[in-house]
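J.: sequence? don't have it. structure:
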């Protein structure tokens, strides 16, 4: 499945926000974006159509998003990813949403690009879109996620498991700085403290495969004291 | 708080007024009783018995009479007196009503000593010749016998002062509790109102940011329009920060928020919040320098991760807000050693223009007040978050230039 083929249902009682987010997704390239202004309409649409993602407001005129989320999950099963898009920023609301099994919780107001990134990340994570699209281009290098290789100037380099995980995380958040703690958590989820030097070794190995001049990287950049960013 | 203090004062004055009124009522009642009783309830039996004169008659019998003073006393009450021998015979009387007998049985004596004699309230006193009985007109005195166990009286004598003390404390405490409850209700209303505004403003802000972003992309060729759209977006984000700060500050001030105290890895939180800021269209004219001492990479603190992120974000926003021309922002986590002690210090400083003396004073001595500050809500929140975590916070202008905030963590 291609990323932009994914069908998305937007549920929000604010018609103008519904239109704006819909337009934003369509402009980004998503071909099927449906809108619903209340729980009843959202349930009807989920029963009649197949969706790959639902963006769900918490406060709706005829019910709350949490209950609607549970109803949708009952109809469609846990495979259908849901992102809450809510004006409620309290911890307990966020925790309730994520605790129910939502894939993400975005608080209004949000930056449009952040919303697009999070939508993309959830779709990629749920449907393994890399396997479908197959590759990501980083400068001259072409990453083949299926084969787990980086191809530069016709030459293939195998990615180790850790390099694969690291590069995948960086690609999912391309253009954003990721702190070394977040990257360490990705590589060593059981306890990442003390692995900063190991992370640096993996970054160096990745640069050797990705960059023309690993000591002067142009794509995998160091943000001093903080972490790394894939341009 | 001033309103609460005023209310407490008003209530205390009211309590004192009620107490004074009660006292005045008691005095009036006592005066009225004294006026109507005319001393009826305190018959001067002893005085009357002293005024009873005995003279030996020619027949060797004792003759009784009442002195002029004694008669005056009895007349004042419009009463009567008689002397009864041990045999029950009346041997002398003064103004004795006709219907009363001149001999009394033991049963009658027992009855009238406790209650009435033919509806006349009577009082008795043992004298050398027998029993002196002083009577008053009918329907003038309510007479009743009261009995208490000694133990009860002793208990009452112990409990009564305690009860009075409890009453006094209650009298003072109840208004204070009522006022506190009212203040709490107001605080709840205020917090809910701010939370409501904060909630309601988020959707319009999302629209402003979304449309400004769209406009910036549409006008990519017109640099001026794109820049203005970008500015709208930045200002909308600023409003978001302000509203969130106001909401958080209010919740912290009135203890309404749901905050956690859990073990958090401080360097990770620090980096995450800085990354979040940088990933959010952070202006490139601000240079960020992050330094975390290697020994502190494993520093866990007990606190609320969201509040700590807000603290860092506010300090960075403060540096940005005070230096629109751009500056370097240095964020460091170090250990400072003094004699035998060492402290972990989180410092956010910039090399910008610093802050005025008045602002610095406001940052240092900011106390909670009903008046909202015109500026510096972000720094006020930094102070509140530091206090929540029991951290010490200090603000100063750097000797060379710029502003610095140090938070002493341990």
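T.: The structure has been received and is ready for your questions. These numbers were taken from a predicted model, which means no experiment stands behind them.
J.: Please count neighbours and contacts with C-alpha atoms only from this point.
T.: Will do.
J.: Break chain A down into its structural domains.
T.: Domain assignment for chain A by automatic domain parsing gives A:3-130, A:134-230.
J.: before we move on, which element is the residue positioned nearest the centre of chain A in?
T.: Nearest residue to the geometric centre of chain A (Cα atoms, centre = their mean): residue A:121, 1.2 Å. In this structure, residue A:121 sits in helix A:112-127 according to DSSP states H and E.
J.: What are the buried residues along that helix?
T.: The neighbour-count check on helix A:112-127 (16 or more other Cα atoms under 10 Å in any protein chain shown) flags A:112, A:115, A:117-124, A:127 as buried.
J.: pLDDT weak spots in chain A?
T.: A:1, A:130-133, A:192-193 (pLDDT under 70).
J.: What residues does it have near chain B?
T.: Taking Cα under 8 Å from any Cα of the partner chain as the contact definition, chain A meets chain B at A:16-17, A:20, A:87-89, A:91-92, A:108-112, A:176-179, A:181-182, A:193-194, A:224-226.
J.: Strands - which of those residues land there?
T.: In this view, these that belong to strands under DSSP state E are A:177-179.
J.: Around chain A, pick out the residues from chain B.
T.: By the rule Cα under 8 Å from any Cα, the part of chain B lying against chain A is B:199-200, B:202-207, B:209-211, B:213, B:237, B:240, B:258, B:268, B:271-272, B:274-275, B:278-280, B:289-292, B:297-298.
J.: Taking the residues you listed, please make a ChimeraX selection of just the buried ones.
T.: The following ChimeraX line selects those of the residues of chain B next to chain A that are buried, judged by 16+ other Cα under 10 Å:
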select /B:199,202,203,204,205,206,207,209,210,211,213,237,240,268,271,272,274,275,278,289,290,291,292,297
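J.: can you map out the strands along chain A?
T.: Per DSSP E, chain A carries strands over the ranges A:7-11, A:32-36, A:53-56, A:59-60, A:63-64, A:82-86, A:104-107, A:135-138, A:141-144, A:149-152, A:155-158, A:177-179, A:220-223, A:227-230.
J.: likewise chain B?
T.: Assigned strands in chain B, in chain order: B:52-56, B:62-66, B:80-84, B:90-94, B:116-117, B:120-127, B:130-135, B:262-265, B:286-292, B:300-303, B:327-338, B:341-350, B:392-397, B:403-408 (criterion: DSSP E).
J.: what's the fourth one in contact with?
T.: Residues external to strand B:90-94 that are found in contact with it (Cα atoms under 8 Å, 6 or more residues apart in numbering or on different chains): B:64-66, B:80-85, B:102-103.
J.: of those residues, buried ones?
T.: Among the contacts of strand B:90-94, those classed as buried by 16+ other Cα under 10 Å are B:64, B:66, B:80-85, B:102.
J.: how close does the closest residue to chain A within the stretch 201-350 of chain B sit to residue A:167?
T.: Going by Cα to the nearest Cα, chain A is nearest to residue B:206 of the stretch 201-350 of chain B, at 4.0 Å. Counting by Cα to Cα, to the nearest Å, the gap from residue B:206 to residue A:167 is 32 Å.
J.: Equivalent analysis for residue B:355, please.
T.: With Cα to Cα as the criterion, residue B:355 and residue A:167 are 44 Å apart.
J.: do residue A:147 as well
T.: Between residue A:147 and residue A:167 the distance is 14 Å, computed by Cα to Cα.
J.: and if you look at residue B:229?
T.: For residue B:229, the distance to residue A:167 - Cα to Cα - is 34 Å.
J.: what does residue B:88 give?
T.: Distance of residue B:88 to residue A:167, given as Cα to Cα: 124 Å.
J.: The two: which is more packed in?
T.: Using other Cα atoms under 10 Å in any protein chain shown as the criterion, residue B:88 and residue A:167 rank with residue A:167 on top: 22 against 17.
J.: Leaving out chain neighbours, which residue sits closest to that one?
T.: Spatially, and ignoring its direct neighbours in sequence, residue A:167 is nearest to residue A:206 (7.9 Å; Cα to Cα, 6 or more residues apart in numbering or on different chains).
J.: And residue B:145, by the same measure?
T.: The shortest distance from residue B:145 to any non-neighbouring residue, by Cα to Cα, 6+ apart, is to residue B:114 (6.7 Å).
J.: Looks like the one you found contacts residue B:142 (just checking).
T.: No. Assessed by Cα atoms under 8 Å, residue B:114 is found out of contact with residue B:142, at 11.8 Å.
J.: hang on, the earlier thing: mind listing what the residue nearest to the centre of chain A touches?
T.: Going by Cα under 8 Å, 6+ apart, residue A:121 touches A:172-173.
J.: same deal with the one 5 residues further on?
T.: For residue A:126, the set of contacting residues under the criterion of Cα under 8 Å, 6+ apart consists of A:79, A:81.
J.: So for the residue nearest the centre of chain B, what's the nearest residue that isn't a sequence neighbour?
T.: Centroid-nearest residue in chain B: residue B:176, 3.1 Å away (criterion: Cα atoms, centre = their mean). Nearest residue to residue B:176, sequence neighbours excluded (Cα to Cα, 6+ apart): residue B:8, at 6.6 Å.
J.: so how far is chain A from that neighbour?
T.: 34 Å (Cα to the nearest Cα, to the nearest Å).
J.: So for that residue, what's the pLDDT?
T.: Listed pLDDT for residue B:8 reads 71.
J.: Residue B:174 is in contact with that one, correct?
T.: No. Assessed by Cα under 8 Å, residue B:8 is found out of contact with residue B:174, at 10.8 Å.
J.: Tell me which of the two has more neighbours.
T.: residue B:8 (19 against 12).
J.: what residues are up against that one?
T.: Listed by Cα under 8 Å, 6+ apart, the contact partners of residue B:8 are B:175-176, B:179.
J.: From these, pick the one nearest chain A.
T.: residue B:179 (29.2 Å).
J.: ok so, going back, ok, for the residue of the stretch 201-350 of chain B closest to chain A, nearest residue in space, not its chain neighbours?
T.: Nearest residue to residue B:206, sequence neighbours excluded (Cα to Cα, 6+ apart): residue A:109, at 4.0 Å.
J.: Next: residue B:261.
T.: Closest to residue B:261 by Cα to Cα, 6+ apart is residue B:303, at 4.2 Å.
J.: Is there a neighbour count for that neighbour? I'd like the number.
T.: Residue B:303: 21 neighbours (other Cα under 10 Å).
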